[in-house]
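Q: Need coordinates for the below:
(one chain, ligands or ions: 1)
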Amino acid sequence: MLPIRKRHLLTLGALLTSLTLTAPVAFAGVGGDGIGDPYWPQDGNGGYRVGHYDVKVGYDPDKPDELTGDTTVSATATAGLDQFNLDFTPTFDISTITVNGVPARGFTREGEHELVVTPARPIRRGARFDVRVVYSGKNGDTRYNPETGGMFMAGEPHSATSWFPSNDHPSDKATFALTATVPQGWTAVGNGRPGPTTTERGRTTFRWREDSPLSTWTAVLAIAKFTVVNAALADGTPVISAYAPGAEAAARQHGDRVPEIIDFLSAKFGRYPFSSAGGIYFNEDIAMGLETHSRPLYPGTAWNDVVGLIVHEQAHQWFGNNVTGRNWRDICVAECFATYAQWLWSEAKEGKDLDAHYRELVAVNRDKPDFWKVPLYDPGAEKYLAAVYRTGPLMVHALRRSIGDDTFFRLLTRWQELHRGGNASWPEFEQLAQRESGVDLGGFFHAWTRSTTIPAERYLHLGPVR
Ligand SMILES: [Zn+2]
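A: Numbers count the residues shown, from 1 in each chain. As a prediction, this is how the structure comes out:
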């Protein structure tokens, strides 16, 4: 994600769902209402892991707050389950829930977004099971533009809950299929590659499938009267770009650079991790860019640094989407590197002197304790995005100079290979950096990612750590 500092129609705060925090409970045979996130304890659930989501939705722009849905969650039980939870907004009416095709014995809604399902028969540990939920009514949180009728569902740190039942936490990644039916003339865009589009009785159904595991909050449903532009990377990977009405004039020249940007990032981070790419370009100010999986989402006219924003969200396809943190404490594994990717782009394409830029930022902020006070690792739920954009790239640049370019870029590609499609924590990144460089980086990382004051001089300087 990259918040945009400008006129905000929707504030960043409005994008972050606030949740009532209560301690997770886990009884024998009961999955539990949280997966163990320290910041959002009720996000995700215990007792199972999801392998695949099959999400079918219907949307009518005349009823922008509503959605019909028919979602099947395919999961594997990690415990014997008499009962399990899904994360799902209580605003929907649920008509049926089946488990392996058999109607559930019952279900209840609890807390902010817990859907507690009791299957007709207990699920034994290790068993695969399909939960199908059919629903309709008000969705949890549409981002809707009344002028164009365009909408999207996506948001950080949790957004799946508002449109499909899920294990809504980054640590449970799954493949994802979206089938979206809209009035003829409208286009629905999702993650991954498109399937066949069919039109029947004035309604068009779009199909999308992402075969690399995605984090639920990077799943996207975007609907507008899009202009869809098809291109490809050099290796043939499709690049699918969707421009909402009014967006193409300003955004197209930048969106057309996505293959060049991905080519650039591939040279730095290793091969592009997914089987499709692209972007979704809106015209309204949605106050952020968001790294929705394989197809990032962009605001319209509020762009300060247009190419930089695309570079940032595309870099997230490696840092954040291919390798995802284990929980939100690990936000630096995503944002520190996506932000630094913008530095790399400026260095290569604009001849920017990064050492000079680094020194200037350190000098300007040297006597500002607030600039340094939020740690990059485990910054806290309230401030989880506060530091990563400002001290994050400084830390990454200092690390690069500490271990040298060869080791630095080898470390980044190694990180991507080691954890391809999975999750890894910030401390695991530190350990890998130490291993790849053969340098004792304990003091460096403590000063840069855990301390709440400016790092000591020996860690601030640009050169080998002594
Ligand atoms: Zn970001």
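Q: what secondary structure does Val374 sit in?
A: coil (DSSP: H, G, I helix; E, B strand; the rest coil).
Q: Any figure for the gap between the nearest residue to it once chain neighbours are set aside and Thr78?
A: Nearest residue to Val374, sequence neighbours excluded (CB to CB, 6 or more residues apart in numbering): Ala387, at 3.9 Å. Just so you know, the C-beta spots here come from the backbone N, C-alpha and C atoms, and that holds for glycine as well. Counting by CB to CB, to the nearest Å, the gap from Ala387 to Thr78 is 34 Å.
Q: neighbour-wise, which of those two wins?
A: Relative neighbour count places Ala387 above the other of Ala387 and Thr78, with 24 against 13, counting by other CB atoms under 10 Å.
Q: Next to the ion, which bits of the stretch 201-350 of the chain? Give me the list.
A: Neighbours of the ion within the stretch 201-350 of the chain, by CB under 5 Å from the ion: 335, 338.
Q: ok, now with 8 Å
A: Neighbours of the ion within the stretch 201-350 of the chain, by CB under 8 Å from the ion: 289, 291, 312-313, 316, 320, 334-335, 338-339.
Q: Show me what the host helix or strand of Asp211 is packed up against.
A: Per DSSP states H and E: Asp211 is located in strand 203-214. Judged by 3 or more CB pairs under 8 Å, 6 or more residues apart in numbering; DSSP states H and E, strand 203-214 is in contact with strand 174-183, strand 187-189, strand 193-194, strand 198-200.
Q: For the ion, what's its nearest residue on the stretch 201-350 of the chain.
A: Ala338 (4.4 Å; CB to the ion).
Q: Would you tell me what helix or strand that residue is located in?
A: helix 332-350.
Q: buried stuff in the helix or strand that comes right after that helix?
A: The helix or strand immediately downstream of helix 332-350 is helix 354-365, counting by DSSP H and E. Within helix 354-365, the residues that count as buried by 16 or more other CB atoms under 10 Å are 354, 357-358, 361-362, 365.
Q: one step back: partner strands of the helix or strand following the strand holding Asp211, with direction?
A: Of the helices and strands lying after strand 203-214 in sequence (DSSP H and E), the nearest is strand 221-224. Sheet neighbours of strand 221-224, with direction, are listed as strand 151-153 (antiparallel), strand 187-189 (antiparallel) (DSSP bridges).
Q: now what about strand 221-224, what contacts it?
A: 57, 59, 61, 145, 148-154, 163, 178, 180, 182, 186-190, 242, 244-245, 280, 282, 297 (CB atoms under 8 Å, 6 or more residues apart in numbering).
Q: CA atoms only: put that strand into PDB for me.
A: Included here for strand 221-224 are C-alpha records, laid out as PDB according to Å, rounded to 0.1, in the frame of the first residue of the first chain:
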ATOM      1  CA  LEU A 221     -13.300  -7.300  -7.000                       C
ATOM      2  CA  ALA A 222     -13.400  -4.200  -9.200                       C
ATOM      3  CA  ILE A 223     -16.400  -3.300 -11.300                       C
ATOM      4  CA  ALA A 224     -16.700  -0.300 -13.700                       C
END
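Q: pLDDT averaged over it, what's the number?
A: Throughout strand 221-224, pLDDT has a mean value of 96.
Q: Tell me where the stretch 251-400 of the chain has strands.
A: 277-281, 288-289, 297-298 (DSSP state E, counting those that start in this stretch).
Q: hey, least reliable of those by pLDDT?
A: Ranked by mean pLDDT, the strands of the stretch 251-400 of the chain bottom out at strand 288-289, with a mean of 82.
Q: Could you please name the strands it pairs with and the direction of each pair?
A: strand 2-3 (antiparallel).
Q: about what we covered before: of the strands paired with strand 221-224, which is nearest Asp33?
A: strand 151-153 (22.5 Å; CB to CB).
Q: re the thing from before, wait, the residue nearest to Val374 sits on Pro379?
A: Yes - counting by CB atoms under 8 Å, Ala387 touches Pro379, with 5.6 Å between them.
Q: Is it correct that Ala77 is in contact with Arg124?
A: Yes - in this structure Ala77 lies within contact range of Arg124 using CB under 8 Å: 6.8 Å.
Q: between the helix holding Ala338 and helix 354-365, how big is the angle?
A: Interaxial angle of helix 332-350 relative to helix 354-365 (axes from the mean of the first three to the mean of the last three CA atoms, to 10 degrees): 120 degrees.
Q: mind checking how far Tyr389 is from Thr339?
A: In terms of CB to CB, Tyr389 sits 5 Å off from Thr339.
Q: neighbour-wise, which of those two wins?
A: Thr339 (25 against 17).
Q: Which one of the residues in the stretch 101-250 of the chain is closest to the ion?
A: Closest point on the stretch 101-250 of the chain to the ion, by CB to the ion, is Glu156, at 8.5 Å.
Q: Find the nearest non-adjacent residue to that residue, please.
A: Met1 (5.0 Å).
Q: How many neighbouring residues does that neighbour have?
A: Met1 has 26 nearby residues by other CB under 10 Å.
Q: Helix or strand, whichever it is, which one in this protein has the lowest mean pLDDT?
A: Lowest on mean pLDDT, DSSP states H and E among the helices and strands of the chain sits helix 12-15, with a mean of 38.
Q: before we move on, the earlier item: tell me the one among the residues of the stretch 201-350 of the chain next to the ion nearest to Ser266.
A: His316 (14.1 Å).
Q: Was I right to think that closest one contacts Thr339?
A: No - under the criterion of CB under 8 Å, His316 is not in contact with Thr339, lying 10.0 Å apart.
Q: shaky segments in the stretch 301-450 of the chain?
A: By pLDDT under 70, the low-scoring segments of the stretch 301-450 of the chain are 301-304.
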